[in-house]
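**Q** Sequence unavailable; structure follows:
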């Protein structure tokens, strides 16, 4: 059995307006690995992420394939794939819309038609995992940004995915909340793909980094090597941490 949580082979993608967002991307991610995807705005990070849960799909022509947790992403597998991949957006308010924290975290399990005791168990486990036990009755919009980000992660953890895909998880956080978030992500066991402009977070959290630029994979290697290559970083609009 493959130890790869994700395998992308020769993926290219163009939007309907003709803009090509990805050019022949091939990438493999090991189970349990924490991988950073970095690059300037418009590099193709979001387009790549949306292929991992089937929101965007490409045909199998020219050897193109996206596999997630052993499933080849396609029309027949997309629901199963989405159960295995949890997307966590940059703005937690894109994921929090219920009157209470409990209702937000319970939404996914309820949608899965799980029995009530299982829903309550999943909510309790997810909140405990992000250090937010006791917040169940609070209103999400009254919480700090760091707390809302933790609740947004809990809403995804309640679905028990194998893979977490995070877009700019530290954006807007003060230093304490940022440190707390990094510590939290360190402890979670899921395979992670993290898009970030926060090179210190990448350095602290991810042992491997991939650089995308203009839809092309231009570097893939140990974080400690890539992030200290000043010429490489500057060439692709990135800063050495």
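**A** Sure, I can see it. Keep in mind the model is a prediction, meaning the values are calculated, not measured. Numbering: from 1, shown residues only.
**Q** Quick test: name the residue nearest the centre of this structure.
**A** For the chain, the residue nearest the mean C-alpha position is residue 165 (1.1 Å; CA atoms, centre = their mean).
**Q** I figured it hits residue 86, correct?
**A** Yes: Residue 165 is within contact range of residue 86, at 6.9 Å (criterion: CB atoms under 8 Å). C-beta: built from backbone N, CA, C; applies to glycine.
**Q** shared neighbours of these two, anything?
**A** Counting by CB atoms under 8 Å, 6 or more residues apart in numbering, residue 165 and residue 86 have no shared contacts at all.
**Q** Identify the neighbouring strands of whichever strand or helix holds the residue nearest to the centre of the chain in the sheet and state each direction.
**A** If you go by DSSP states H and E, residue 165 is part of strand 163-167. When sheet partners are counted by DSSP bridges, strand 163-167 sits next to strand 85-88 (parallel), strand 191-195 (parallel).
**Q** quick one: the helices in this protein?
**A** Secondary structure of the chain (DSSP state H): helices at 45-52, 78-84, 101-111, 116-129, 145-157, 175-187, 199-205, 223-226, 230-235.
**Q** which of those helices sits most buried?
**A** Counting by mean count of other CB atoms under 10 Å, helix 145-157 has the highest mean neighbour count of the helices of the chain, with a mean of 23.
**Q** who does that helix touch, helix- and strand-wise?
**A** Packing partners of helix 145-157 (3 or more CB pairs under 8 Å, 6 or more residues apart in numbering; DSSP states H and E): strand 85-88, helix 101-111, helix 116-129, helix 175-187.
**Q** Report the mean confidence score over it.
**A** Averaging pLDDT along helix 145-157 yields 96.
**Q** go on, stretch 75-85?
**A** 92.
**Q** which residues sit against that stretch?
**A** With CB under 8 Å, 6+ apart as the test, stretch 75-85 has contacts from 52-54, 57, 68-69, 71, 73, 159, 161-165.
**Q** Show me just the buried residues among the residues you listed.
**A** With burial judged by 16 or more other CB atoms under 10 Å, the buried subset of the contacts of stretch 75-85 is 52-54, 68-69, 71, 73, 159, 161-165.
**Q** of those, closest to residue 186?
**A** Nearest to residue 186 out of the buried ones among the contacts of stretch 75-85 is residue 164 (CB to CB; 12.6 Å).
**Q** before we move on, back to that, okay, who's weakest in the contacts of stretch 75-85 by pLDDT?
**A** Lowest pLDDT of those: residue 57, 85.
**Q** My read is that that residue contacts residue 51, right?
**A** Yes: Residue 57 is in contact with residue 51 according to CB under 8 Å; the separation is 7.0 Å.
**Q** coming back round to it: gap between the residue nearest to the centre of the chain and residue 5?
**A** Residue 165 sits 11 Å away from residue 5, going by CB to CB, to the nearest Å.
**Q** so residue 169 touches residue 184, yeah?
**A** No: contact between residue 169 and residue 184 fails when scored by CB under 8 Å: they sit 9.5 Å apart.
**Q** Any idea how many residues pack against the residue lying closest to residue 191 once chain neighbours are set aside?
**A** Closest residue to residue 191 apart from its sequence neighbours, by CB to CB, 6 or more residues apart in numbering: residue 5 at 4.1 Å. Look at residue 5: counted by other CB atoms under 10 Å, it has 25 neighbours.
**Q** For residue 5, give me its contacts.
**A** Contacts of residue 5 (CB under 8 Å, 6+ apart): 29-33, 68-69, 162-163, 191.
**Q** and if we set it to 7 Å?
**A** Residues near residue 5 by CB atoms under 7 Å, 6 or more residues apart in numbering: 29-31, 69, 162-163, 191.
**Q** Please produce CSV containing those, extended by distance to residue 205.
**A** What follows is the contacts of residue 5, written out as CSV (distance: CB to CB, whole Å):
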residue, distance to residue 205
29, 15
30, 16
31, 17
69, 22
162, 18
163, 16
191, 13
